[in-house]
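Undergrad: how does the following fold in three dimensions:
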Amino acid sequence: MKLSLQLFPLWAVISSAIAYLNPSLFTGFKSSIVPLLMFIMLTMGLTLKPADFKRVVENKKAIGLGLVLQFTIMPVTAFLLSQLFALDTHMLIGMVLVGAVAGGTASNVLCYLAKGDVALSVT
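TA: Now for the predicted structure:
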């Protein structure tokens, strides 16, 4: 089990490549996306205790740093990548918007797998 978790990035890249090359293999899972996301969010929440959130709220520096980085570094990186790949204006705007949006469920799962601060990630 530990090895499969350590290889998670590899599985994600392989799955993405397969989905890109043959999307029809994955269209059957469309109706499962929302229930699976709900299950993942529930299980992430079950790993936390109220004391975890209290600890995070008291650490205003970490929350502030996370907010600043999310709304500066991420959109700027998206902008620079869009410029690097010479994307048209509409794609550039989309990239910047996606860069400014919080990571959501995936970031919480990856934080959990990396043994990071899940309460801070959820916050």
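Undergrad: was I right to think Val96 contacts Leu80?
TA: No: using CB atoms under 8 Å, Val96 is not in contact with Leu80; the gap is 10.1 Å. The way it works is simple: take the backbone N, C-alpha and C, and place the C-beta from them, glycine included.
Undergrad: what are the boundaries of the strands in this structure?
TA: Counting by DSSP state E, the chain has no strands to list.
Undergrad: I would like the residues contacting the helix or strand bottoming out on mean pLDDT in it, please.
TA: Least confident helix or strand, the chain: helix 2-6 with a mean of 78, by mean pLDDT, DSSP states H and E. By CB atoms under 8 Å, 6 or more residues apart in numbering, the surrounding residues in contact with helix 2-6 are Trp11, Leu113.
Undergrad: between Val96 and Leu80, which one's more packed in?
TA: Ranked by neighbour count (other CB atoms under 10 Å), Val96 and Leu80 place Val96 first, with 17 against 12.
Undergrad: what sits against the more buried one?
TA: Contact partners of Val96, counting by CB under 8 Å, 6+ apart, are Pro75, Ala78, Phe79, Ser82.
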